[in-house]
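Undergrad: Build me a structure from this.
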Amino acid sequence: MFKELELIVNDRHNHAKQLKVRTNKGIIGYLCSYVPEEIIYAAGFIPVRLFSSEEAASLADTYMQSYYCTFSRCILHQALAGDFNYLDGLVTAYTCVNMRLAFDSIQLYGKIPFSRMIYTPGIIDDPNSKEFYYKELLRFKKDMENLSGRSINNDDLREAIKVYDENRSLVNDIFKDRRNPVPSITGKEAYIITLSGMLTDKQEHNEILKTTSKQITNRAGMKKGVNRLMIVGSPLDNLKLLDIIEDDLDAIVVTDDTCTCTRYILGKTPEENINQDPLKAIVERYLIKRPPCPTKHAQNRWLQCSSCPFRAVSCFLMNPAQKKKLPKSLIFSNPERICRFRHSLQLAINHNVEGVIVLQQKFCDPHGFDYHHVAQSFIDIGIPSIMLEIDNIISVGQIKTRVQAFLEMLQPVNYVIEPEIKEGISLNI
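TA: Coordinates of the predicted model:
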């Protein structure tokens, strides 16, 4: 059922080369899920996300210190080795220093004909941020027009948005099965679905997903009584970790909050903006509608936290001392953007998670700073967690031993949260 999608993931470079020849379209690589793929697609290119590999990142040693994250160093190594020679361009959105240095080095030494940095604001729910990002996307749209030799009109953008929103909808429909007491898809299969979507033409991927969805409907569920886990944290593109968890240790990953799976497909483009100005709709989708990553922040975190139904948990208590007393009533009854801690807790409760694996890409500062907030948030509602520091090469024996010990201590969770809040957070995620 998933063989075609798994082949795309496992043989992504050859797939991209064949896709380029077969479709007669250029391939634009991108490094971050904050890159607005719709604009690239509207220009007639196929966006393809670049991932790490299990090779030693030896070629990157000349340009990046060994204490930079291996995810970024592996991408630079592949670029210097010529693995991305099929690319017609490279685009990234500004997120962290590690990926910025990898991108800068590829610009100088990677021999890729076109490169572009999109300056995505760090504070993302402020009117000034939206205005800045809109102007940045106008500039990026112009760059794509110059590169492709064709203009991008509003109808082109609307069509691209339609294709991408259909993809998100199809994946979300499949992922709803993961909430069931006995899911019909594994965590590895869920990652295969999203990773393959980042590596191929979205329209073709949509057709594959339609067939896959019908097959899953008639598929028997997984084994009963296994531990239900959630993965949170750094990008995961080496699926050996899921083999350890699900095949060797007989647990199942029922949801996640990572930019290579669930976070990537959440957040539909607002229709009211599409009809008026599709570029503004893209701004709203990427800054507001999708769950944020640790490099993106609220304008005033204290105000955002004071309106959070989880405000009693440690992520709120660990904030800097408030200048005002906690208000008796909620300041924002319907916040414009959901915070990443609340989002993770919602996913966990709605999928009946019994334990959380927090992935920490070695030397990843944004997720490292986030870790204590994430872990304490889950602990305070009754869900235990374990932190795994990962590299581009998965240490099977060590990880297997640690996860096995973690599974042996798990038991069904009685979530420590008021019934009305639990009912209120049952969002469609």
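Undergrad: pLDDT weak spots in this protein?
TA: 299-338, 416-429 (pLDDT under 70).
Undergrad: at 80 instead, please
TA: 1, 125, 221-225, 298-339, 342, 380, 412, 414-429 (pLDDT under 80).
Undergrad: In it, which residue is most central in space?
TA: Most central in the chain under CA atoms, centre = their mean is C259, positioned 1.2 Å from the mean C-alpha point.
Undergrad: Verify the stated contact: A81 with S58.
TA: No - A81 is beyond contact range of S58, at 9.3 Å (criterion: CB atoms under 8 Å). Bear in mind the C-beta positions are built from the backbone N, C-alpha and C, glycine included.
Undergrad: Counting neighbours, go ahead and name the busier of these two.
TA: A81 (16 against 11; other CB atoms under 10 Å).
Undergrad: Run through the residues that contact that one.
TA: E55, L59 (CB atoms under 8 Å, 6 or more residues apart in numbering).
Undergrad: That one and L101: what is the separation?
TA: Applying CB to CB, to the nearest Å, the value for A81 to L101 is 18 Å.
Undergrad: thinking again about what came up before, from I39, how far off is the residue nearest to the centre of the chain?
TA: Counting by CB to CB - C259 and I39 are separated by 19 Å.
Undergrad: Now H297: closest residue in space, sequence neighbours ignored.
TA: Closest residue to H297 apart from its sequence neighbours, by CB to CB, 6 or more residues apart in numbering: I123 at 5.5 Å.
Undergrad: Contacts only, for the one you found.
TA: Counted by CB under 8 Å, 6+ apart, I123 has contacts S129, K296, H297, A298, Q299.
Undergrad: Tell me the most packed of those, by neighbour count.
TA: K296 (22 neighbours).
Undergrad: The residue nearest to that one when sequence neighbours are not counted: what's it in contact with?
TA: Leaving aside its sequence neighbours, K296 sits nearest to I124 (CB to CB, 6+ apart; 4.8 Å). I124 makes contact with Y133, L287, I288, P292, K296, H297, R337, according to CB under 8 Å, 6+ apart.
Undergrad: swap in E166?
TA: N206.
Undergrad: Could you rerun that using 10 Å?
TA: K202, Q203, H205, N206, L209, K210 (CB atoms under 10 Å, 6 or more residues apart in numbering).
Undergrad: One more: C293?
TA: Taking CB under 10 Å, 6+ apart as the test, what C293 contacts is 32-34, 95-96, 234-235, 257-259, 263, 340, 366-367, 370.
Undergrad: roughly how far apart are it and Y34?
TA: 8 Å.
Undergrad: list residues touching both of those two?
TA: The contact sets of C293 and Y34 overlap at T95, C259 (CB under 10 Å, 6+ apart).
Undergrad: Now L199: phi and psi?
TA: L199 adopts backbone torsions of phi -120, psi 10, taken as degrees, to the nearest 10.
Undergrad: scratch that, S115
TA: Here S115 shows phi and psi, under degrees, to the nearest 10, equal to phi -150, psi 150.
Undergrad: and it, how many residues sit next to it?
TA: For S115, using other CB under 10 Å, the count is 17.
Undergrad: can you give me the helices in the stretch 201-350 of the chain?
TA: 202-217, 240-242, 262-265, 271-276, 278-284, 301-306, 314-317, 340-350 (DSSP state H, counting those that start in this stretch).
Undergrad: Tell me which other helices or strands the fifth one touches.
TA: So that's helix 278-284. If you count contacts as 3 or more CB pairs under 10 Å, 6 or more residues apart in numbering; DSSP states H and E, helix 278-284 packs onto helix 37-42, helix 127-148, helix 154-175, helix 271-276.
Undergrad: Show me which positions of that helix end up buried.
TA: Within helix 278-284, the residues scored as buried using 16 or more other CB atoms under 10 Å are P278, L279, K280, A281, I282, V283, E284.
Undergrad: host element of the nearest residue to D143 once chain neighbours are set aside?
TA: Take D143 and drop its neighbours on the chain: the residue closest to it by CB to CB, 6+ apart is R116, 5.6 Å away. R116 is part of strand 115-118, with elements assigned from DSSP states H and E.
Undergrad: on contacts alone, who are the packing partners of that strand?
TA: Against strand 115-118 (3+ CB pairs under 10 Å, 6+ apart) you get strand 27-30, strand 89-93, helix 97-109, helix 127-148.
Undergrad: and the second one with helix 127-148, angle?
TA: With axes from the mean of the first three to the mean of the last three CA atoms, to 10 degrees defining the directions, strand 89-93 sits at 180 degrees from helix 127-148.
Undergrad: from the middle of its chain, how far away would strand 89-93 be?
TA: Relative to its chain's centre, strand 89-93 lies at 17 Å (CA atoms, centre = their mean, to the nearest Å).
Undergrad: if we can go back for a sec, which one of the contacts of C293 is nearest I274?
TA: Y34 (19.4 Å; CB to CB).
Undergrad: So the closest one is in contact with T295, correct?
TA: Yes - counting by CB atoms under 10 Å, T295 is a contact partner of Y34 at 8.5 Å.
Undergrad: Residues in contact with both of these two, list them for me.
TA: By CB under 10 Å, 6+ apart, the residues touching both Y34 and T295 are A93, Y94, T95, T120, I124.
Undergrad: Run a quick neighbour tally on V403.
TA: Using other CB under 10 Å, V403 has 22 neighbouring residues.
Undergrad: Next, give phi and psi for it.
TA: phi -70, psi -40.
Undergrad: was I right about it contacting L249?
TA: Yes - taking CB under 10 Å as the definition, V403 is a contact partner of L249 at 5.9 Å.
Undergrad: And stretch 232-242, how far out from the chain middle?
TA: With CA atoms, centre = their mean, you get 11 Å for stretch 232-242.
Undergrad: again, but for stretch 211-225
TA: The answer for stretch 211-225 is 24 Å, by CA atoms, centre = their mean.
Undergrad: Mind listing what's buried along it?
TA: Quick answer for stretch 211-225 (16+ other CB under 10 Å): T212, I216, M222.
Undergrad: Between the two ends of it, how far is it?
TA: Start-to-end span of stretch 211-225 (CA to CA, to the nearest Å) is 29 Å.
Undergrad: show me the residues around F103 that make contact.
TA: F103 is in contact with 31-32, 72, 75-76, 79, 90-94, 110, 115-117, counting by CB under 10 Å, 6+ apart.
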